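Build me a structure from this.
(one chain, ligands or ions: 2)
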Amino acid sequence: MTFGALIRRGFSTATGARTRPFQVAIDGPSASGKSTTARLVAKRLGFDYIDTGAFYRCVTLSALQKGVDPSDSKNISRIAALASDAKIDLKTEFHASASTLPTTRVFLDSKDVSSDIRTSNVSKHVSVVAAIPAVRQSVVQKVRALGAEDIDSSAKESKQTATTSAPSSSRAGLVMDGRDIGTSVLTHADLKVFLVADSHVRAVRRLEELRKNGSQDALLDVKQVQEDLERRDESDRTRAVSPLRKADDAIELDTSNLTIEEQVDVIVKEALRRQGKI
Ligand SMILES: Nc1ncnc2c1ncn2[C@@H]1O[C@H](COP(=O)(O)OP(=O)(O)O)[C@@H](O)[C@H]1O
Ligand SMILES: Nc1ccn([C@H]2C[C@H](O)[C@@H](COP(=O)(O)OP(=O)(O)O)O2)c(=O)n1
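Ligands and ions are numbered 1, 2, ... in the order given. Got it, this is the predicted structure:
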């Protein structure tokens with residue numbers, strides 16, 4: 001490996017020591033299993049978890065709460081200002097029991113909005129908000145500050161981003177999920193995974209989840225949920241800035257015929273292998 005490559009991978013060329021956490025980037029379309037998989041991978045490896053979709057959802061919620069309609073293009077600069085000002089924090093609890101899925105609470109300006117950001121109204125508008133270049137710029141700056149791209153640049157960025165928490169902890173690594181993590185947020189991540197699954201399978205899983213959570217959207221049928229997922233995927237794939245796509249160096253994993261445990265296992269083993277632990 002060259003000196004430049006070593007530095008990008010987060011190693012000091014002088015001491016050979018790691019200068020930033022081991023980074024796992026997980027991207028993919030809606031309901032492909034990113035957040036479930038990412039949280040369990042983080043738990044198994046003892047890493048932090050950052051849900052970047054929650055940031056775009058917070059900006060969307062903030063606009064809707066202030067009566068700013070995201071579908072009206074006249075509001076783009078107001079939404080960009082809201083994104084820049086928003087103070088967003090995530091707190092993930094990993095729970096002692098091995099079988100319990102870690103839970104992430106999301107705070108917008110210190111208020112717990114974990115449920116409010118998952119309503120169908122927020123889901124309906126979030127793709128438009130996530131396509132605004134200035135919104136993406138603010139969110140990427142906030143999540144990079146949390147993700148510690150490397151120790152020097154993360155310290156610089158967290159100073160610039162007074163509204164974002166400093167890199168969250170001393171855990172040995174970090175799992176971040178979204179649409180552009182491998183392609184633009186953590187471009188030098190140690191492991192990049194692109195999760196995919198058949199859109200009908202994804203719709204069935206999402207509907208099951210809505211039913212379990214007692215959501216009003218559970219009254220929708222599979223076809224409606226599938227159409228909504230496909231519409232959102234299309235918008236995420238075709239936007240001008242950081243569209244959803246697999247990074248060239250990402251591993252593609254189709255979860256259509258896998259159990260959650262199987263997909264987590266594949267990623268955990270690869271992360272351990274790349275850390276030289278197995
Ligand atoms: N391999 C799988 N088998 C069955 N259900 C799954 C599988 N992977 C994920 N799920 C379920 O699919 C739903 C969507 O997964 P989620 O992690 O929220 O996707 P995303 O973060 O990509 O939107 C969740 O209810 C999750 O438990
Ligand atoms: N890094 C990211 C994360 C999410 N987004 C966009 C794409 C989605 O339409 C919204 C919401 O993402 P989220 O992961 O919460 O959505 P799903 O759980 O997959 O339905 O934000 C993005 O553009 N870039």
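
only C-alpha atoms for contact and neighbour calcs from this point on.
Will do.

how long is stretch 246-259 end to end?
22 Å (CA to CA, to the nearest Å).

can you list the residues of the stretch 151-278 of the chain near ligand 2?
178-181, 232, 236 (CA under 6 Å from any ligand atom).

List buried members of those by neighbour count.
178-181, 232, 236 (16 or more other CA atoms under 10 Å).

List the ones among those residues that fall in helices.
Using DSSP state H, the members of those that fall in helices are 232, 236.

okay, the buried ones among the residues of the stretch 151-278 of the chain next to ligand 2 in a markdown table with distance to ligand 1 and pLDDT next?
Rendered in a markdown table, the data for these read as follows (distance: CA to the nearest ligand atom, whole Å; pLDDT from 0 to 100):
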| residue | distance to ligand 1 | pLDDT |
| --- | --- | --- |
| 178 | 8 | 97 |
| 179 | 9 | 97 |
| 180 | 13 | 96 |
| 181 | 13 | 96 |
| 232 | 11 | 89 |
| 236 | 13 | 91 |
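
quick check, nearest of the buried ones among the residues of the stretch 151-278 of the chain next to ligand 2 to residue 20?
residue 181 (16.4 Å; CA to CA).

Surely the closest one is in contact with residue 188?
No: Residue 181 is beyond contact range of residue 188, at 9.8 Å (criterion: CA atoms under 8 Å).

mind listing what's buried in the strand or helix carrying residue 61?
Assessed by DSSP states H and E, residue 61 sits inside helix 53-65. Neighbour counts over helix 53-65 (16+ other CA under 10 Å) mark 53-64 as buried.

how about that helix, does it reach ligand 1?
No: Helix 53-65 stays clear of ligand 1 (CA under 6 Å from any ligand atom), getting no nearer than 8.4 Å.

Residues contacting the helix or strand just after that helix, please?
As assigned by DSSP H and E, the chain's next helix or strand after helix 53-65 is helix 76-85. Applying CA atoms under 8 Å, 6 or more residues apart in numbering, the set of residues contacting helix 76-85 from outside is 59, 62-63, 68, 70, 129, 132, 134-135, 138-139, 163.

now the angle from helix 76-85 to helix 53-65?
Put simply, helix 76-85 runs at 130 degrees to helix 53-65, going by axes from the mean of the first three to the mean of the last three CA atoms, to 10 degrees.

right, and the helix or strand after helix 76-85?
For helix 76-85, the following helix or strand on the C-terminal side (DSSP H and E) is strand 88-93.

Could you give the separation of that following strand from the chain centroid?
How far strand 88-93 lies from its chain's middle: 12 Å, per CA atoms, centre = their mean, to the nearest Å.

From the contact counts, what lies against it?
On a contact count with 3 or more CA pairs under 8 Å, 6 or more residues apart in numbering; DSSP states H and E, strand 88-93 meets strand 48-51, strand 103-108.

Kindly reformat those as JSON lines containing mean pLDDT and mean neighbour count.
Output for these, formatted as JSON lines (pLDDT from 0 to 100; neighbours: other CA atoms under 10 Å):
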{"stretch": "strand 48-51", "mean pLDDT": "96", "mean neighbour count": "26"}
{"stretch": "strand 103-108", "mean pLDDT": "97", "mean neighbour count": "18"}
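
Compare these and give me the one nearest residue 94.
Across the helices and strands packed on strand 88-93, closest to residue 94 is strand 103-108 (CA to CA), at 6.8 Å.
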